[in-house]
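Colleague: Would you be able to build a 3D model of this:
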Amino acid sequence: MQRTAPIAGSLVLASAVLVGGCPADAPEDAGTTDRKAYAASAALLGSDPSAAAGECGKIQDPVLAGDCATFAAKAMAKRKLDPLPVCGAIQHIGWQQVCFFESVDAAGLFGEKAVQACQRAGSFRQRCLSHALGRETDREWRVVQPGQELDFLAWLDETMPVYGLDTTVENIPRDFLAKRIAARVAGEAKGQPPRRFSRADCGEIPDETCQEVYRFYVRRLFRQQDMGALCGQSLVRETIEAAGLPGWEDDFADAAPGMWMRLCRELKGGGKPPRGQH
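Modeller: Numbering: from 1, shown residues only. Now for the predicted structure:
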């Protein structure tokens, strides 16, 4: 009887294998399944982002699924496919908000559709709306001729409430306009040394806004420079121009030194300027 025990034990094990399957055939754990779906989605992003989004739907972990779906939605937006239903299906609220923000940006939306989508961007709502307004502003600015800046500013004041943005907050209209005039001035001398800035570059806009134009014009050019040494010198036109930065014409001479003092204060004693701009 003792000799037959091992044989009997083997028969029991064999029976269990036949009934339950071998250990190698056991179902994958959820983590492994999720990782495979995520990898499959990543592989499809470049060729078929809609299918990539479908793979994200197989992921059980809500955080990983939201991450996956956000990448897929952005890829869809860049292909001119509607990403918003993908964002809306995300269960994780944080990733859902990120998805709406990133997708609106990637799709280049503005106007009513952008406003509606940005409402679902949660803590990113204001940035989402501001970016959308910026895109519409850029489109309108393309047809603005020198001398029409005040008309453009009036249009901006009318349009901002459509996006739910307060025209009095952080001087948004002023900065939107100033940044675009500065880009126009810089574009006129593209590939050439920066030219002097003139009050005439601003047209009929208020002096305060014109000062911001010069500020943006300078900041476009001094990113790559160490401003510590320059800000430690006398901020006269000759010093500025010797550093390869735009000086100013006589009609802007009263405002320019004060603007340079402000720029140097922003740098807090030197170094490269911070990247955060309006």
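Colleague: Would you mark the buried spots in stretch 203-215?
Modeller: For stretch 203-215, the neighbour count (16 or more other CB atoms under 10 Å) marks 203, 205, 209-215 as buried. Quick note: C-beta positions are derived from backbone N, CA and C, even for glycine.
Colleague: Kindly report the same for stretch 118-130.
Modeller: Applying 16+ other CB under 10 Å to stretch 118-130 flags 118, 120-121, 124-125, 128-130 as buried.
Colleague: In contact with residue 87, which residues?
Modeller: 69-70, 73, 96, 99-100, 103, 120 (CB atoms under 8 Å, 6 or more residues apart in numbering).
Colleague: Just the C-alpha atoms of the helix or strand where it lies, please, in CSV.
Modeller: Assigned by DSSP states H and E, residue 87 falls within helix 84-88. Listed next in CSV are the C-alpha coordinates belonging to helix 84-88 (Å, rounded to 0.1, in the frame of the first residue of the first chain):
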residue,chain,number,x,y,z
LEU,A,84,-14.1,65.2,-27.1
PRO,A,85,-16.1,62.0,-26.7
VAL,A,86,-12.9,60.2,-25.7
CYS,A,87,-12.3,62.7,-23.0
GLY,A,88,-15.8,62.6,-21.8
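Colleague: returning to what we had before: mind listing which of the buried residues of stretch 203-215 are in helices?
Modeller: 209-215 (DSSP state H).
Colleague: Turn those into TSV, columns for distance to residue 108 and pLDDT.
Modeller: Below are these laid out as TSV (distance: CB to CB, whole Å; pLDDT from 0 to 100):
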residue	distance to residue 108	pLDDT
209	27	90
210	30	93
211	31	92
212	26	92
213	26	94
214	30	94
215	28	91
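Colleague: Out of these, which is nearest to residue 241?
Modeller: Closest approach to residue 241 among those (CB to CB): residue 214, at 13.8 Å.
Colleague: Count the residues that sit near the closest residue to that closest one other than its chain neighbours.
Modeller: Counting by CB to CB, 6 or more residues apart in numbering, residue 197 is the residue found nearest to residue 214 once chain neighbours are left out, at 5.0 Å. Counted with other CB atoms under 10 Å, residues neighbouring residue 197 total 24.
Colleague: ok, residue 197 - contacts?
Modeller: Here residue 197 is in contact with 185, 213-214, 217, 246-249, 252, 256 (CB under 8 Å, 6+ apart).
Colleague: if we take those residues, which one ends up nearest to residue 163?
Modeller: residue 213 (23.3 Å).
Colleague: Spit out the contact partners of that closest one.
Modeller: Per CB under 8 Å, 6+ apart, neighbours of residue 213: 178, 181-182, 185, 197, 201-202, 205.
Colleague: With secondary structure, distance to residue 153 and pLDDT added, can I get the residues you listed in CSV?
Modeller: CSV is the format used below for the contacts of residue 213 (DSSP: H, G, I helix; E, B strand; the rest coil; distance: CB to CB, whole Å; pLDDT from 0 to 100):
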residue, secondary structure, distance to residue 153, pLDDT
178, helix, 10, 91
181, helix, 11, 92
182, helix, 15, 92
185, helix, 17, 90
197, strand, 20, 94
201, helix, 16, 92
202, helix, 11, 91
205, coil, 7, 88
